[in-house]
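[1] structure of the sequence below:
(chains A, B and C)
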Amino acid sequence: MSLKKFVDKNISVIMTVLAFASLLIVWELVSRFTKAGLFLPPASLILEKFILSFKEPIGKYTMLTHIGVSLYRVGVAFGLSTVFGIALGVSMGYSKLAEAILKPIFEFIRPIPPLAWIPMSILWFGLGDKSKFFIIFLGCFCFITVNTYEGTKNVDKTLIGAARMLGASERQVFFDIVLPSSVPYIFAGLQIAVTAGWSAVVGAEMVHSNEGVGWLIVMGMTYGKTVQIMVGMLAIGLVGFVLATGMAKLERRLCAWNNQGM
Amino acid sequence: MKGFFEKNKYRLISLCSVAGVLLIWELVTDVFHLISPMMLPAPGKVLETFIYKLTGGVNPDGGSLLQHIVSSMKISLGGYFVGVLIGVPLGISMAWSRKFELFAKPLFDVIRPIPALAWIPLMILWLGIGYESKVGIIFFAAFISATINSYAGIKQTNKVHLWVAKTFGASNRQLLFKVAIPTAMPMIFTGLRLALGSSWVALVAAELLAATKGLGYMIQVSRMLGRPDVIIVGMVTIGIIGYLLSSILEKLQKKFVRRTK
Amino acid sequence: MEQSGNVKTILECRNVSKEFDAYDKSGKTEVLRDISFSVKENEFLVLFGPGQCGKTTLINVLAGLETATSGEVIENGKKVTKPAPERGVVYQKTALFPWLSVMGNVEFGPRVRGQDKKTRRETAKHYIDLVGLSGFEKSYPSQLSGGMRQRVGIARAYCNQPEIMLMDEPFGHLDAQTRYMMEEELQRIWQSEKRTVIFVTNNIEEALFLADRIILLTNCPSGIKKEYIIDMPHPRSYVDPKFLSYRQEITENMDKSL
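    Predicted structure coming up:
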């Protein structure tokens, strides 16, 4: 194979490698040979510390525990908000009465960012995990509710007609048509919610906690340890990426029928 | 009269529902004292504080509501504009030029999963706790939404439209400015709206951690001072402004992006 | 119940008219005007009319999905008020449930009506085979071609054992080649398991190829213009002189304005 052919074939890999290589080289040079090195530790050092952090504890725990604690907080709150969000979204989308009662209250709460609840939630639930669950719950809940609501509202009327024509009862129309056809919307909501939840846990832990990835970077800030901050950011970014891709994969699996749209 | 009730049935129910929540709130606080005012102040008290802060009262946090709002808006809009000014062209060029995409997209994808809040420590360490560091944080929040949506908007340009324009002899430049960007406008606008939303959210976080003014600062300090009424006033103000910002952009979108399908 | 000879009347449409509010609410748009006809057991009746006006509405009224402004639809002596399993509909846009497999779609009717799994699977399998989709039981609608999706729609309607099948331009979205094939297929399916069919189309060849009887509709509002008994043996040929003379006669009587 000639060189040109090889380059053409693997152009995307080559460009990616080139992009990262140039970034890392510039970074390394800047931090080692200019005054910016005071603020910007070399990339190699961050990578080294990151790998080391899985063996040597930062604070009381190693990296795996910090990530684990944060994931546990997101997991609990995300689970709760999934249950409540879908229930609320479906009832508002399906019943006009429920919509009239619940929507104005929901619409009032919705624009308040989850982190703005932090002071109130500390008053109500103290400084422990409960308060964090509450904030993350709010962070996920609105997205799931809104999307489920849209999904139930947008059910294709012909499909409902077809189901009635085939003899489905009101109940069966709900469980066999309305719910499954909202699934893609619900999943879109879950996908946004998992990212929002991860962001909320970082925020909540930054405001107050004794462990977790948010704590890592805030402690780094308090003691002026840039390396620790960047190691924490690396962990936050990696986990966030894994969560988002995981959800996307799960969606593609469970909504295979929706691939080309109908 | 009956027709009126029939017609506005659901609106009336909504009204009753809101009134019911306020009533329960009043009952558990002021009437039966089931919840301590340190946990949840009565609605009347919140309203009183709201009016006090709105008319220029500076206690207990050292600034009137308007001062906090102006301070927060300055930061949030500043970061937002920088983020949009860089994000939109970046998104468009990544989607338009294959070579640039191959180079820049992987780098962007590394930054993308990092929540804007996670930049706070680094920004504060680099730029201090003043205006610049907060603008920097908001920048990241706005930049990512703006880039992603512009990129997606250009990518979804209908191939047939491009072919038609090409057969009429349009240059690459014309294809971009006359076909692709107009097609992408709705998506770009959505990006602008989402970016404004995330800027506002990130702002609260930034001010919770390090600030001497601003709505986020106001609610954080009020917690330490044990003034839940001020916290609620702050939360509601944050909510209302967030809502207003997004509806203004929605109106603009409807006005300027009409030919959408 | 009305009897004529030995053949039972299944469905009767009596003076059905339908109006909608105009877009600007300034007045009414008349879509159906005074439509009356009846259809007998195992008859293949085609409602043929030009343009886009009223035919789907008529099917919806017959199915019970919409109510007529005046007039009524009687099925076996009972007034039609809501959709029911006795009247199966095959839709132009298929209206298949995208999250269910071919099997799931076809067995939907018997399932929601509480038939046990074994019986309904057997029935569904029978109709999947009948429409020529053996081996595709597990495929999802999005994985099938337009013609195959329409076959699923037909099997789904058949599997519910309706008294009458209402078909709303079922082949309207298909390309010409597939359309011919599907017409032949439908004819074959209908020959092997006769059902009463009301079939709506705006394609004259399709109408002549399938119908025992054609009702020619006027355009906007739709009303009945003329009726033709098509007395030709199946399978029919598009170039049969008799076919062509029917075609000429009906075309001459069609509303030409749009």
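
[2] show me where the chain has helices.
    If you meant another chain, say so; for now it's chain A. A:3-9, A:11-33, A:43-52, A:63-94, A:96-109, A:118-125, A:129-153, A:157-165, A:170-172, A:179-207, A:213-222, A:226-254 (DSSP state H).

[3] nope, chain C
    C:55-63, C:102-106, C:108-112, C:117-130, C:146-159, C:176-192, C:204-210, C:241-253.

[4] closest one to chain A among those helices?
    helix C:108-112 (3.8 Å; CB to the nearest CB). For glycine as for every other residue, the C-beta is placed from the backbone atoms N, C-alpha and C.

[5] which helices and strands does the closest one pack with?
    helix C:117-130, helix C:146-159 (3 or more CB pairs under 8 Å, 6 or more residues apart in numbering or on different chains; DSSP states H and E).

[6] so what touches it?
    A:163, A:166-169, A:172, A:176, C:85, C:88, C:97, C:100, C:119-120, C:123-124, C:156, C:159-160 (CB atoms under 8 Å, 6 or more residues apart in numbering or on different chains).

[7] how does it look with 10 Å?
    The contact list for helix C:108-112 (CB atoms under 10 Å, 6 or more residues apart in numbering or on different chains) reads A:162-169, A:171-173, A:175-177, C:85, C:88, C:96-97, C:100, C:104, C:115-117, C:119-124, C:156-162.

[8] can you list the residues of the stretch 51-200 of chain A near chain B?
    A:96-105, A:107-124, A:139, A:195-196, A:198-200 (CB under 10 Å from any CB of the partner chain).

[9] what about chain B, any weak spots by pLDDT?
    Scanning chain B for pLDDT under 70 picks out B:1-2, B:258-261.

[10] 80 instead?
    B:1-7, B:59, B:129, B:209-211, B:256-261 (pLDDT under 80).

[11] what about the longest helix in it?
    Max-length helix for chain B by DSSP H is helix B:65-96.

[12] related to what we said a few turns ago, buried members of the contacts of helix C:108-112 into ChimeraX, please.
    Restricted to buried positions by 16 or more other CB atoms under 10 Å in any protein chain shown, the ChimeraX selection for the contacts of helix C:108-112 reads:
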select /A:162,163,164,165,166,167,168,172,173,176,177 /C:85,88,96,97,100,104,120,121,123,124,156,157,158,159,160,162
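
[13] how many neighbours does the spatially closest residue to B:Pro41 that is not a sequence neighbour have?
    Spatial nearest neighbour of B:Pro41, excluding adjacent residues (CB to CB, 6 or more residues apart in numbering or on different chains): B:Asp229 at 4.2 Å. For B:Asp229, the count of nearby residues is 22 (other CB atoms under 10 Å in any protein chain shown).

[14] how far off centre is whichever strand or helix holds B:Asp229?
    Using DSSP states H and E, B:Asp229 sits within helix B:228-256. In terms of CA atoms, centre = their mean, to the nearest Å, the centre of helix B:228-256 is found 8 Å from the chain centre.

[15] now stretch B:224-238
    On CA atoms, centre = their mean, the centre of stretch B:224-238 falls 19 Å from the chain's centre.

[16] show me what contacts residue 92?
    Went with chain A since none was named. By CB under 10 Å, 6+ apart, the neighbours of A:Met92 are A:98-103, A:106, A:145-146, A:148-149, A:152-153.

[17] if you could check chain C rather than the one you did, that'd help
    A:158, C:55-56, C:59, C:150, C:153, C:167-174, C:200.

[18] filter these to the buried ones?
    Neighbour-count burial (16+ other CB under 10 Å) applied to the contacts of C:Gln92 gives C:Lys55, C:Thr56, C:Ile59, C:Gln150, C:Gly153, C:Met167, C:Asp168, C:Glu169, C:Pro170, C:Phe171, C:Leu174, C:Val200.

[19] now tabulate those in JSON lines and tack on distance to chain A.
    Below are the buried ones among the contacts of C:Gln92 laid out as JSON lines (distance: CB to the nearest CB, whole Å):
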{"residue": "C:Lys55", "distance to chain A": "16"}
{"residue": "C:Thr56", "distance to chain A": "11"}
{"residue": "C:Ile59", "distance to chain A": "11"}
{"residue": "C:Gln150", "distance to chain A": "13"}
{"residue": "C:Gly153", "distance to chain A": "9"}
{"residue": "C:Met167", "distance to chain A": "12"}
{"residue": "C:Asp168", "distance to chain A": "10"}
{"residue": "C:Glu169", "distance to chain A": "14"}
{"residue": "C:Pro170", "distance to chain A": "13"}
{"residue": "C:Phe171", "distance to chain A": "17"}
{"residue": "C:Leu174", "distance to chain A": "16"}
{"residue": "C:Val200", "distance to chain A": "15"}
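
[20] what helix or strand does the residue nearest the centre of chain B sit in?
    When CA atoms, centre = their mean is applied to chain B, the residue found nearest the centroid is B:Gly197 (1.8 Å). Element membership of B:Gly197, judged by DSSP H and E, is helix B:181-209.

[21] buried set for that helix?
    So helix B:181-209, judged by 16+ other CB under 10 Å, has buried residues B:181, B:183-209.

[22] before we move on, what about stretch C:43-62?
    Neighbour count says stretch C:43-62 has C:43-51, C:53-62 buried, by 16+ other CB under 10 Å.

[23] show me the contacts for B:Asp218.
    Check again: residue B:218 is Met, not Asp. A:119, B:53, B:60-65, B:67-69, B:71-72, B:207, B:211, B:227, B:230-231, B:233-235, B:237-238 are the contacts of B:Met218 under CB under 10 Å, 6+ apart.

[24] 8 Å instead?
    B:Met218 neighbours (CB under 8 Å, 6+ apart): B:Asp61, B:Gly63, B:His68, B:Val230, B:Gly234.

[25] cool, and A:His208?
    Per CB under 8 Å, 6+ apart, neighbours of A:His208: A:Ile122, A:Leu127, A:Ser131.

[26] try 10 Å
    A:Ile118, A:Ile122, A:Gly126, A:Leu127, A:Gly128, A:Ser131, A:Lys132, A:Gly214, A:Trp215, A:Val218.
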